[in-house]
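>>> Return atomic coordinates for the entry below.
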Amino acid sequence: MDVYNKYIYPHDSYAKGAIRCKVELQAYTEDDRYLSLVRKNLEKALEEFNPDIIVYNAGTDVLEGDPLGALSISPEGIVQRDQLVFELARGKGRPRQIPILMVTSGGYQKRTAQIIADSIKNLIAKGLISHQAAAVETEI
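Residues are numbered from 1 along each chain as shown. I've put the predicted structure just below:
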């Protein structure tokens, strides 16, 4: 599943052809429409396919004011989107807890880092990830 501004991405028709579930947005789509489409399409995808893991590209180029994304998603909308993805895959009452590999990408504004941090803090507060899962540890 890929959710994107249909006027800017992807221009590569070969790559676009490989996207199984395209959620093509109009420029300057706002939170309510965006979150509704993410929910609807992710629920449908999880009904059709039972993945062993979800690789979640939590891009922030959807943020209002982003020079590339040309969408109008608020910082709160990004936090809600991330929570929605985790709830649908791992939330209480779900038939199974699907592991998620969350990566961040896109987002070409200075405020993006704080929004990502706020989202991770929210996921911890909601019990959707643990402190241990949010920590990056390296051993030399």
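>>> mean confidence score for the helix or strand where residue 14 lies?
Assigned by DSSP states H and E, residue 14 belongs to helix 13-17. In this model, helix 13-17 has an average pLDDT of 81.
>>> Please state the offset of it from the chain centre?
Helix 13-17 has its C-alpha centroid displaced from the chain centroid by 21 Å (Cα atoms, centre = their mean, to the nearest Å).
>>> Three-state assignment for the residue nearest in space to the middle of the chain, please.
In the chain, the centroid-proximal residue (Cα atoms, centre = their mean) is residue 58; its distance is 3.8 Å. At residue 58, secondary structure determined by DSSP: H, G, I helix; E, B strand; the rest coil is strand.
>>> And it, how close does it get to residue 17?
Noted for residue 58: a distance of 24 Å to residue 17, by Cβ to Cβ, to the nearest Å. All C-beta atoms are positioned from the backbone trio N, CA, C, and that covers glycine.
>>> and if you look at residue 52?
Counting by Cβ to Cβ, the gap from residue 52 to residue 17 is 25 Å.
>>> more crowded one of those two?
Using other Cβ atoms under 10 Å as the criterion, residue 52 and residue 17 rank with residue 17 on top: 10 against 6.
>>> which ones are touching residue 92?
By Cβ atoms under 8 Å, 6 or more residues apart in numbering, no residues touch residue 92.
>>> For it, give me phi and psi.
With angles defined as degrees, to the nearest 10, residue 92 sits at phi -60, psi 140.
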